[in-house]
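Enquirer: Here's a sequence, model it:
(one chain, ligands or ions: 1)
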Amino acid sequence: MCGIIGYVGKRTDAGVLAVQSLKRLEYRGYDSWGVACKTKDGVIIRKDIGKISTVDSADFQQPSSLAMAHTRWATHGGVTTENAHPHVSCDGKIVVVLNGIIENYEALRDELKTKGHEFVSSTDTEVIPHLIEEEMKTEPDFAAAVRRACLRFEGRYGIVAMHADSFLLVAARTGSPLIVGVEKDGYFIASDTPAFLEYTSTVQYLDDGEMVVTDGNSILFSDIATGEERTKREIEITWSVTEAHKGEYDHFMLKEIMEQKQSIARAVDQDEDQIQTLARAIHAAQGTFLVGCGTAAKACMAAEYFFSVIAGHHVNFAPASEFKLYHRFLKPESLLIAVSQSGETADTLEAMKIAKSKGAKVLAIVNAEGSTIAREADFTLHIKAGPERAVASTKALTGQMAVLLLIAYAMIDKLPKGRTRLLETAAAINDMLNPRYTEFIETIAERIQESSDLYIIGKGWNYPMALESAIKIQEVSYVHAEGFAGGELKHGPIALIEKGTPCIALVGNDEVRTDIISNAIELKARGGFIVGIAPERHAVFDEWIRVPDVDTAQAIVNIIPVQVLAYFLAVKRGKDPDMPRNLAKSVTVK
Ligand code: M6R
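Expert: So this is what the prediction gives:
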């Protein structure tokens, strides 16, 4: 979604810094951008549609120590320069950026119009500077006026504001993440840590309903509703700057796919006592529910199979966006397992809220340290994948599945066995992801790149991976891809198969192997071009992508060649796999 960065402090290159930091937030997905910096000549604002990567930060070289910048992912109002942030008050002095949605903006705009305010955009954001301006007529203190304005907003938002006549950065949060980066002589306020990781790894988190005011020397956190001061700990985050760079790779997506050589082993490195406690909590729970969105949801679905096959224990999966209807099944003895890479997904947070309102406990499995989901859960396990910058989730998925598989083993008191299985899998992935392997997948991508449709089948834990394969291919290559449970083909989807239609079969050496091979044969009989992803060759495969035989971890390895295939399909079709159209990395609206 939208990206925000603000800086105030002793640096004198705040404009340049804001542009550079904004470029580090590009991965979040956006359609327009804007920068504001305070200089001796007043506040300079530049905004435009398109990519910030084309902007030369030297254009913002004027000495400045207070600046903010924003990438917009359009919700209210089209993609136009007028709608890009920052937005300003009538006198042009109050400058605001927003991540989120002000739901009651129409009523506020009507009210402000009757008071003489003029609007130039069709956004919800523009009401914010005007309302602050209105409040300042009776409350001249800028920060206090921001607080008063916030009391009138409905919705989920993260706001950063500055005033041409002050040297303050003011931010407020209800629902959309804002993180403070602490330097010796200044402060950053951003929607995500990669924005300032280059400069500092010391952070302070704003919680919902809090605001922060800083002049670069000191910082004050307070409660928006009561105005009471809040104390905050400084936390060191472990993600490194190099992890957030592309390095030798052309794209983050490929870099992150390749990092699975190491990230799965890191995911397995969990505190034994904590995993055992969680396993006991799942045993004791009267109803365990797994929720997530998109790719994280597919990890949850796979976990249903892990828990069933390994631990013989029934858990319930629901897409987080559908969880509202499950409240009837929740009680204080229930357990919700929320899975999320970013830890900021609005639908997943909503599911947690529903569970908590019924007294149920929440376990979070997240990647982003200090994220809202991580902080609001009763217990949190980190998958330790490091920053995932490509919009398409790859290493986070396999990390999530690794942790869930580990818990399934812990439930039958076989944690060491689970750990060994996963470490062997990590080693096998290391061997598998060699240059010859990826080049071979590239040739398959070349062969099918012109196809308009692609189908993927799987059975058992490979069924959620078939669904995940479809997401991966859709989001980066824009090829129409659909995943099916192999057995469902003859109930409808097989009508779509024509001569040459590419079909991927995800196969393991497991109890459903014969069935999924039969399904592949059914596809081939209708003309399908069969790409088999399997530990062993079979005559039905027109192309065979070999994967190691890793028993219960098969779903984890089977998805990796599809990630590589999706990547090459995107590149061959001239698409940018890191920044797919219409998508955002962290989906903070419902
Ligand atoms: O940050 P989260 O894991 O909660 O995000 C959930 C989905 O938005 C995310 O997995 C999305 O589906 C990815 N773009 C898929 O690659």
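Enquirer: hey, let's count contacts and neighbours off CA atoms from now on
Expert: Will do.
Enquirer: Contacts for stretch 126-137 next, please.
Expert: Counting by CA atoms under 8 Å, 6 or more residues apart in numbering, stretch 126-137 makes contact with 87-90, 94-96, 105, 108-109, 112, 117, 119, 142, 145-146, 148-149, all of which sit outside it.
Enquirer: same question, stretch 271-284
Expert: Under the contact criterion CA under 8 Å, 6+ apart, stretch 271-284 has outside partners 288, 335, 407-408, 410-411, 415.
Enquirer: now these in TSV, with pLDDT?
Expert: Converted to TSV, the contacts of stretch 271-284 look like this (pLDDT from 0 to 100):
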residue	pLDDT
Thr288	96
Leu335	97
Ile407	97
Ala408	97
Ala410	97
Met411	96
Leu415	96
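Enquirer: Need the buried ones from the contacts of stretch 126-137 selected in ChimeraX.
Expert: Written as a ChimeraX command, the selection of buried residues from the contacts of stretch 126-137, which uses 16 or more other CA atoms under 10 Å, is:
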select :87,88,89,90,94,95,96,105,108,109,112,117,119,142,145,146,148,149
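Enquirer: Now, the contacts of stretch 126-137 that are in strands?
Expert: The strands, defined by DSSP state E, take in 87-88, 94-96 from the contacts of stretch 126-137.
Enquirer: Near the ligand, list only the ones from these.
Expert: The subset of the ones in strands among the contacts of stretch 126-137 within reach of the ligand, by CA under 6 Å from any ligand atom, is empty.
Enquirer: Right, and the ligand sits closest to which residue of the stretch 351-500 of the chain?
Expert: Ala392 (3.4 Å; CA to the nearest ligand atom).
Enquirer: how about that residue, what does it touch?
Expert: Under the criterion of CA under 8 Å, 6+ apart, the contact list for Ala392 reads 253, 472, 475-476, 577-578, 585.
Enquirer: Quick check: which of the contacts of stretch 271-284 are also close to the ligand?
Expert: Among the contacts of stretch 271-284, the ligand is touched by none when using CA under 6 Å from any ligand atom.
Enquirer: Name the residues of stretch 36-44 that come out as buried.
Expert: Within stretch 36-44, the residues that qualify as buried by neighbour count (16+ other CA under 10 Å) are 36-39, 43-44.
Enquirer: Please look at Thr345 and Lys585 and confirm they touch.
Expert: No: counting by CA atoms under 8 Å, Thr345 stays clear of Lys585, with 9.5 Å between them.
Enquirer: quick one on the thing from earlier: inside strands: which ones of the contacts of stretch 271-284?
Expert: Using DSSP E to define strands, the subset of the contacts of stretch 271-284 located there is 288, 335.
Enquirer: Which of the ones in strands among the contacts of stretch 126-137 sits closest to the ligand?
Expert: Nearest to the ligand among the ones in strands among the contacts of stretch 126-137 is Val96, at 25.9 Å by CA to the nearest ligand atom.
Enquirer: in what helix or strand does Thr443 lie?
Expert: Secondary-structure assignment from DSSP states H and E places Thr443 in helix 435-448.
Enquirer: Tell me which residues are up against that helix.
Expert: For helix 435-448, the surrounding residues in contact (CA under 8 Å, 6+ apart) are 502, 545, 561, 564-566, 568-569, 572.
Enquirer: Make CSV from those residues and add pLDDT to it.
Expert: Shown next, in CSV, are these (pLDDT from 0 to 100):
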residue, pLDDT
Pro502, 97
Ile545, 98
Pro561, 98
Val564, 98
Leu565, 98
Ala566, 98
Phe568, 98
Leu569, 98
Lys572, 97
